[in-house]
Structures are given as C-alpha cells and as structure tokens.
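Chemist: Kindly return the folded structure for what I paste below:
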Amino acid sequence: MDAKNVDPPGPENQNKATVNALYKAVAIGDVTTVAGVVASDLEWWFHGPQNCHYMMKMLTGISSPTAFKFEPRRIDAIDDCVIVEGWEGAQIYWVHVWSLKDGLITQFREYFNTWLTVTDFRSCLSSILLWESHPKAVGKRSLPELMLAI
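Modeler: Below you'll find the model as predicted:
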C-alpha cells in the first residue's frame, strides 16, 4: 500500500471513516450500523426541492436503499464536520454535512441542487474559505448558493 494515500490517524479521519461506513450501511439497508453511528436525537436541516429529502427518508426508514443511490464523489473532514459531495448527471447534485461528537453523528445538513460554500468566521478580523462545491457534471447550470459558517 502506498503510504501517501493513507490518511494519518486522528479525529478528522475517524469521522470520515464513520461517515463512509454510514453510506455503505445505508446502501445495503443495514439499520444496525446506521443506528450505531447516528444519535437518536439527530438534528436535521434541509435545503432544496421538498420532494428530495432522500437521505433523511432512508435514515428514518421511510424509503428503501433502492429509492435513491448515494455515491459519494468527494469526502472531506474539517474539524468535527464531514462534507460529502455527489452528483449523477447534470440534474442531480447533493452535498451532505455531518457533524460528529465523540464518534457519533449528531447533526445532518442535506443540500440538494444547491451550491455550498463553507467559511470559517471564528476570527473577527477575517474569514477563511474552507470548502466549496465542485459539481463537475452540472456545467453552467445555475444553482442557488448558500454559505455555511463555522
């Protein structure tokens, strides 16, 4: 195995592994694994067309794993957040932001067909761009844009 392709140990990479395990469990309908990594009082927030709550429907058992296939194209960790981006063709684009505490997912933000920018505003002197959507397949299509401040 190539050492440069291995993430160093640490909380951010453990969080990425937890979220990656969640996607795998959702894909096969493994409710035991999902229940083991998601807090029972999960805080959820959604932006997008009202009929596109695909992940939340799967997490609550309203939809089956075959209702929508989430194929993460990019997974990044920033502090206690894991940002997952995916798309299928030019019409479907999504971003999920998962917040974890002590290895448990406590918050879920679901963005569907929405361009997302994550910015650090903790300094009163300036802001720092931490993450930005890169939906390669949507081309010149116009999407609403939101900024998530941490």
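Chemist: Wasn't A25 part of a helix?
Modeler: Yes. Checked against DSSP: H, G, I helix; E, B strand; the rest coil, A25 lies within a helix.
Chemist: contacting residues for it?
Modeler: Counting by CB atoms under 8 Å, 6 or more residues apart in numbering, A25 makes contact with V31, T33, V34, V37. Every C-beta, even on glycine, is put in place using the N, C-alpha and C of the backbone.
Chemist: what's around R109, how many residues?
Modeler: Neighbourhood size, R109 [other CB atoms under 10 Å]: 19.
Chemist: in the sheet, who's paired with it?
Modeler: Going by DSSP bridges, R109 is paired in beta bridges with W45, V97.
Chemist: Verify the stated contact: it with L148.
Modeler: Yes. Proximity of R109 to L148 meets the contact threshold set by CB atoms under 8 Å, at 7.1 Å.
Chemist: Overlap of the contact sets of the two?
Modeler: Overlap of the contact sets of R109 and L148 (by CB under 8 Å, 6+ apart) consists of V97.
Chemist: re the thing from before, list only buried entries from the contacts of A25.
Modeler: V34, V37 (16 or more other CB atoms under 10 Å).
Chemist: now the host helix or strand of E85: mean pLDDT?
Modeler: Using DSSP states H and E, E85 sits in strand 81-88. For strand 81-88, the mean pLDDT works out to 91.
Chemist: Show me which positions of it end up buried.
Modeler: For strand 81-88, the neighbour count (16+ other CB under 10 Å) marks C81, V82, I83, V84, E85, G86, W87 as buried.
Chemist: Within the sheet, what are the partner strands of it, with directions?
Modeler: Strand 81-88 sits in its sheet next to strand 74-78 (antiparallel), strand 92-101 (antiparallel), going by DSSP bridges.
Chemist: would you turn the ones you listed into TSV with mean neighbour count?
Modeler: TSV is the format used below for the strands paired with strand 81-88 (neighbours: other CB atoms under 10 Å):
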stretch	mean neighbour count
strand 74-78	17
strand 92-101	22
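Chemist: Out of those strands, flag the one nearest T18.
Modeler: With CB to CB as the measure, strand 92-101 is the member of those nearest T18 (6.3 Å).
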